[in-house]
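Peer 1: A structural model of the following input is requested.
(chains A and B)
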Amino acid sequence: EDQVTQSPEALRLQEGESSSLNCSYTVSGLRGLFWYRQDPGKGPEFLFTLYSAGEEKEKERLKATLTKKESFLHITAPKPEDSATYLCAVRGFRDDKIIFGKGTRLHILP
Amino acid sequence: KAGVTQTPRYLIKTRGQQVTLSCSPISGHRSVSWYQQTPGQGLQFLFEYFSETQRNKGNFPGRFSGRQFSNSRSEMNVSTLELGDSALYLCASSLADRGRRNTEAFFGQGTRLTVV
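Peer 2: Numbers count the residues shown, from 1 in each chain, chains lettered A, B, ... in the order given. All right, here's what the predicted structure looks like:
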């Protein structure tokens, strides 16, 4: 069965302090690995899709990378508005459903 | 273009009642998936519909069911509500063709269900 594990569960950073969030996964044939951002009481907002090891994608202060076993979401010089829960998910060719990790709660202090 | 729309946004129901939630996907998306989100369990997959057929199902009891209409709109039904069914129910739509690309899902704002 496809599985996703995210770490850490929670992370507090000072504004401008760069860091990385980890997503470890096991999947039978990766169709896609996804990163989402979720604010309290709202639905997840799509950020990135990664398809194969070595791929990288960037958006503003966020950069996602992918290896055969894990993905990282790098946050460079974060601002308080980057505070949110970041969710990682995978979709495999065999099960063909999107499975989510439990997320990392990120808090950026001004 | 318009995003995924879920109605209603909030619901309060009594134990034993049943509830129906609605989801309108992004125009052109034929796949609709439903998730239950709780603080302890995170986002859990309920089921996915594609072209009016259930394509995939999670590990939930038969009290949870769904359907999809010819215009891709979907409904989810929960019968005999229990206190533990209180959660944020999220709907997501995707192109979900069988190719390698276009596999990401876009979410609605969710329906917050409270069972008392």
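Peer 1: ok, which stretches of chain B are helices?
Peer 2: With DSSP state H, there are no helices along chain B.
Peer 1: Enumerate the residues of it near chain A.
Peer 2: Neighbours of chain A within chain B, by CB under 8 Å from any CB of the partner chain: B:4, B:6, B:33, B:35, B:41-45, B:48, B:55-56, B:58, B:88, B:90, B:92, B:100-101, B:103-110, B:112. Using the backbone N, CA and C atoms, a C-beta is placed for each residue, glycine as well.
Peer 1: I'd like to know which of those are buried.
Peer 2: When the residues of chain B next to chain A are checked for burial by 16 or more other CB atoms under 10 Å in any protein chain shown, the buried set is B:4, B:6, B:33, B:35, B:42-45, B:48, B:55-56, B:58, B:88, B:90, B:92, B:103-110, B:112.
Peer 1: now, which of these lie within strands?
Peer 2: B:6, B:33, B:35, B:42-45, B:48, B:55-56, B:88, B:90, B:92, B:106-107, B:112 (DSSP state E).
Peer 1: Closest to A:L13 out of those?
Peer 2: Of all these, A:L13 sits closest to B:G42, with 22.1 Å by CB to CB.
Peer 1: got the contact list for the closest one?
Peer 2: A:100-103 (CB atoms under 8 Å, 6 or more residues apart in numbering or on different chains).
Peer 1: what is it paired to in the beta sheet?
Peer 2: B:T38 (DSSP bridges).
Peer 1: Can you pull up the most central residue in chain B?
Peer 2: Centroid-nearest residue in chain B: B:W34, 2.7 Å away (criterion: CA atoms, centre = their mean).
Peer 1: what bridges to that residue?
Peer 2: B:F47, B:C91.
Peer 1: I'd say it and B:L88 touch.
Peer 2: No: counting by CB atoms under 8 Å, B:W34 stays clear of B:L88, with 11.4 Å between them.
Peer 1: can I have stretch A:75-90 written out in CSV, keeping just the CAs?
Peer 2: Taking Å, rounded to 0.1, in the frame of the first residue of the first chain, the C-alpha atoms of stretch A:75-90 are listed here in CSV:
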residue,chain,number,x,y,z
ILE,A,75,11.7,27.4,2.2
THR,A,76,14.1,30.3,1.6
ALA,A,77,13.9,33.5,3.8
PRO,A,78,10.4,32.8,4.9
LYS,A,79,7.9,35.5,5.8
PRO,A,80,5.0,35.3,8.4
GLU,A,81,2.5,34.8,5.6
ASP,A,82,4.2,31.4,4.7
SER,A,83,2.8,30.1,8.0
ALA,A,84,0.5,27.2,7.1
THR,A,85,0.4,23.4,7.1
TYR,A,86,2.3,21.9,4.2
LEU,A,87,1.0,18.6,2.9
CYS,A,88,2.8,16.0,0.8
ALA,A,89,0.9,13.4,-1.3
VAL,A,90,1.6,10.7,-3.8
